[in-house]
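In: curious how this folds, go ahead:
(chains A, B, C, D, E and F)
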Protein chains: 6
Amino acid sequence: MATVKLWSDEEVAAVPAVKAVFDDIRATRKSDFVNNFWRALANQPALLERTWSSVKQVMIEPGVLDPLTKELIYIAVSTANSCSYCVHSHTAAARAKGLSGEQYAEFLAVIGMAAETNTLANSMQIPVDREFLLG
Amino acid sequence: MATVKLWSDEEVAAVPAVKAVFDDIRATRKSDFVNNFWRALANQPALLERTWSSVKQVMIEPGVLDPLTKELIYIAVSTANSCSYCVHSHTAAARAKGLSGEQYAEFLAVIGMAAETNTLANSMQIPVDREFLLG
Amino acid sequence: MATVKLWSDEEVAAVPAVKAVFDDIRATRKSDFVNNFWRALANQPALLERTWSSVKQVMIEPGVLDPLTKELIYIAVSTANSCSYCVHSHTAAARAKGLSGEQYAEFLAVIGMAAETNTLANSMQIPVDREFLLG
Amino acid sequence: MATVKLWSDEEVAAVPAVKAVFDDIRATRKSDFVNNFWRALANQPALLERTWSSVKQVMIEPGVLDPLTKELIYIAVSTANSCSYCVHSHTAAARAKGLSGEQYAEFLAVIGMAAETNTLANSMQIPVDREFLLG
Amino acid sequence: MATVKLWSDEEVAAVPAVKAVFDDIRATRKSDFVNNFWRALANQPALLERTWSSVKQVMIEPGVLDPLTKELIYIAVSTANSCSYCVHSHTAAARAKGLSGEQYAEFLAVIGMAAETNTLANSMQIPVDREFLLG
Amino acid sequence: MATVKLWSDEEVAAVPAVKAVFDDIRATRKSDFVNNFWRALANQPALLERTWSSVKQVMIEPGVLDPLTKELIYIAVSTANSCSYCVHSHTAAARAKGLSGEQYAEFLAVIGMAAETNTLANSMQIPVDREFLLG
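Out: Now for the predicted structure:
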């Protein structure tokens, strides 16, 4: 259970600054569903607005990385940070963007391998090769 | 400085099990350069062999994710795990695979955003929406 | 569910070394409620005693940082370490010490920002400025 | 060494979008010194601008938490995330804001204690007490 | 709930590559019980096979560290990485290998102490003594 | 470089509370060498005293886990927490306690494997088997 109240649509409707963000989330995503992350942030209207504005800019507006790649990177970070909520929400988002079973299997292999070699490199305190440094 | 000896090519040449892996690294990558990670693992021949075999299978053999995407996922995990060596080596690898400045900027924005929202979700202990669970 | 038994008050009463700590927790906090953390540690009386003694000294005895500030620092660490139990218990403690909604919103903004910039600094492996080093 | 170029003042001067942010950093902080974090972010002007705007809003503009408290929370997160750069820069910032030796000692005691109890709670998988959940 | 389907024995029986691994898990452990970790990995047969082969080699085949020591090391890493599933499964495995209450208490004291001193060393950015470096 | 002064023997000698701890470190370890961790903590005499007292009790006084096992557990946690200082100091301590090359290789295999499976379990959010829960 959350450490904060999750706002219902009725509560959102009563606070214009929060309602404006929720309206934009729904319009941008073309869906009526607004997930708990935003319902929790609604307790902090300024943080809600800034966070949504950044997420929209970084994750939704077209860029040079394709949307599915961005979701996989997001899940990789969320897994390493043990954020159960974020792993669930972004794995669902990746599936909605077409993640196949084969891609997910390969993704899992990569993050597992990365975690293993991170641990090996950190435990042996391997110095960075000169070849990897910027000229 | 490493907690283990980094093997020189002469030392590698003297141990057939190690030399076989180094030869395969060089042949697979079509390069004479072998980075410190493998020179440290040379102290543990069985671990060296198993690790290279996995890295080759996961990161080098063709799959359904493109090689640059896999490198970005690798850097994301390595950053979250604070593995300085791995961040350096895989950022260099990503550049060698064509990472552009724009792609890197977008990648940084994604991992920064992920870390921020991970922290928000974990600090508010937001419950997973039923909509994100498998049917 | 815990990997260890959570001790009931009856079980506590039967072991003098454990009972002495529980009595001191209740007397110090002026409350009969003893939370699960201590009921789990009761399985390890020496660790229970040492941990309570440290917590009492660090978190409860008057110092130069005010009690609410210490709770916020505690939640910050607990969030970064993904300790769900600790986030819950210390957020409750912070509220009991008067944490306002505005303060919590600002706290969340700070820890989210810190996590984001930590990730950016670690991924770009930014060298420490000479100006930040001790003279 | 960084994985990106650190921009000199000359390079900054040549790119208006970057120069505008550096000018604002200097004006806001009333200091000519601009640390490496911003010189690294200069490679990504949009990220530079968004990050500075957030840092300014969260860390510099007056709020309900005092500036030194915010720095301590920042260091706590940075330590848990093993961000050497951030620990150095924000410890320097905390000192500039008046952190005393006694306060630092108490801060260290709190974050050490938090890390220890986080580990104990996570290893015993202690369930959250009902008393800590929102009514 | 998992982000993937957990395979039932019937589903396993229908895919020879998966069935072969499950048969080997049962034969190696001399038990009919196969835990959820493998039922989740069954969705990715190649990863399942490689992971089981590594776990068998590292954790089950006789080596120079005794089996209980390896489980304790495993729990230590899993706790630091906040892997609830792994803490549960390897604490159960350690108990099955004879972990006593006294050993567990001492183990908890060590990992708690390690986490505390890690935090102190990282927050003060203590330089490594020359005496600890390899000759 | 540290964020605090590292105390020289002369400075230690001038402060009785600090000198008492350093004397006990030297007597307990039967060595004149005192490493930087304690020279940094000397800035906070109360924390120095409490930390040394705990380290002595947990890591040095005889218990039910053998000293080398405790060092390996310590390194495992320190690696997962990316504490470079602690990895160096406790790997040196493990070697001083007789860690062989073969044991170190096996240790590395275990922590690498643990990190990999932690990541897999966390990314698939695998639910804990009922069989692993306490009766």
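In: do a quick rundown of the helices in chain A.
Out: A:9-13, A:16-29, A:36-41, A:45-55, A:67-80, A:84-96, A:101-124 (DSSP state H).
In: need the winner for burial among those helices.
Out: Highest mean neighbour count of the helices of chain A: helix A:67-80, a mean of 26 (counted as mean count of other Cβ atoms under 10 Å in any protein chain shown). Quick note: C-beta positions are derived from backbone N, CA and C, even for glycine.
In: test my guess that residue A:59 contacts residue A:70.
Out: Yes. Counting by Cβ atoms under 8 Å, residue A:70 is a contact partner of residue A:59 at 5.9 Å.
In: mutual contacts of the two, please.
Out: Jointly contacting residue A:59 and residue A:70 under the rule Cβ atoms under 8 Å, 6 or more residues apart in numbering or on different chains are residue B:110.
In: need the helices of chain A in JSON lines with mean pLDDT and distance to residue E:94, can you?
Out: Formatted as JSON lines, these follow (pLDDT from 0 to 100; distance: least, Cβ to Cβ, whole Å):
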{"stretch": "helix A:9-13", "mean pLDDT": "98", "distance to residue E:94": "47"}
{"stretch": "helix A:16-29", "mean pLDDT": "98", "distance to residue E:94": "46"}
{"stretch": "helix A:36-41", "mean pLDDT": "98", "distance to residue E:94": "36"}
{"stretch": "helix A:45-55", "mean pLDDT": "96", "distance to residue E:94": "41"}
{"stretch": "helix A:67-80", "mean pLDDT": "98", "distance to residue E:94": "25"}
{"stretch": "helix A:84-96", "mean pLDDT": "97", "distance to residue E:94": "24"}
{"stretch": "helix A:101-124", "mean pLDDT": "97", "distance to residue E:94": "20"}
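In: want to throw these into CSV with distance to chain C?
Out: Shown next, in CSV, are the helices of chain A (distance: least, Cβ to the nearest Cβ, whole Å):
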stretch, distance to chain C
helix A:9-13, 14
helix A:16-29, 13
helix A:36-41, 8
helix A:45-55, 5
helix A:67-80, 8
helix A:84-96, 9
helix A:101-124, 12
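In: of those, which is nearest residue F:128?
Out: helix A:84-96 (12.8 Å; Cβ to Cβ).
In: does the closest one come close to chain D?
Out: No. Against chain D, helix A:84-96 shows no contacts by Cβ under 8 Å from any Cβ of the partner chain, the least distance being 13.2 Å.
In: which residues touch that helix?
Out: A:35-37, A:68, A:71-72, A:74-75, A:78-79, A:99, A:104, B:114, B:117-118, B:121-122, B:126-129, B:131-133, E:3, F:122-123, F:125.
In: what's the answer for stretch A:12-23, then?
Out: A:7, A:9, A:34, A:38-39, A:42, A:45, A:48-49, A:52.
In: go again using 7 Å as the cut-off
Out: With contacts defined as Cβ atoms under 7 Å, 6 or more residues apart in numbering or on different chains, stretch A:12-23 is touched by A:34, A:38, A:42, A:45, A:48-49, A:52.
In: can you give the domain ranges for chain A?
Out: Recorded structural domains for chain A (assignment: automatic domain parsing) are A:1-49, A:63-124.
In: quick one: distance of the last one to the chain centre.
Out: Looking back up the chat, that one is domain A:63-124. Mean-position distance between domain A:63-124 and its chain equals 10 Å (Cα atoms, centre = their mean, to the nearest Å).
In: ok, and the closest non-adjacent residue to residue A:33?
Out: Setting aside the residues directly before and after it, residue A:33 is nearest to residue B:131 in space (Cβ to Cβ, 6 or more residues apart in numbering or on different chains), at 6.2 Å.
In: number of nearby residues for that neighbour?
Out: A total of 11 residues lie near residue B:131 under the criterion other Cβ atoms under 10 Å in any protein chain shown.
In: tell me how far residue A:72 lies from residue A:87.
Out: Residue A:72 sits 12 Å away from residue A:87, taking Cβ to Cβ, to the nearest Å as the criterion.
In: rewinding a little: okay if I get the domains of chain A as TSV plus distance to residue D:93?
Out: As requested, the domains of chain A are exported to TSV (distance: least, Cβ to Cβ, whole Å):
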stretch	distance to residue D:93
domain A:1-49	22
domain A:63-124	24
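In: OK, contacts around the residue sitting nearest the centre point of chain A?
Out: Per Cα atoms, centre = their mean, the C-alpha nearest to the average position across chain A is that of residue A:74, at 4.9 Å. Contact analysis of residue A:74 by Cβ under 7 Å, 6+ apart lists A:90, B:110, B:114.
In: which among these gets closest to residue E:24?
Out: Nearest to residue E:24 among these: residue A:90, at 33.6 Å, using Cβ to Cβ.
In: any idea how far residue E:84 is from that closest one?
Out: Counting by Cβ to Cβ, the gap between residue A:90 and residue E:84 amounts to 19 Å.
In: likewise for residue A:132?
Out: Taken as Cβ to Cβ, the span from residue A:132 to residue E:84 is 35 Å.
In: what residues are up against residue A:44?
Out: Counting by Cβ under 7 Å, 6+ apart, residue A:44 has contacts C:105, C:108.
In: if we use 6 Å, what do you get?
Out: residue C:105 (Cβ atoms under 6 Å, 6 or more residues apart in numbering or on different chains).
In: which pLDDT value goes with it?
Out: Residue A:44 is assigned 95 on the pLDDT scale.
In: now it. Its backbone dihedrals?
Out: phi -120, psi 80 (degrees, to the nearest 10).
In: before we move on, what about residue A:34?
Out: Phi and psi for residue A:34, reported as degrees, to the nearest 10, are phi -120, psi 120.
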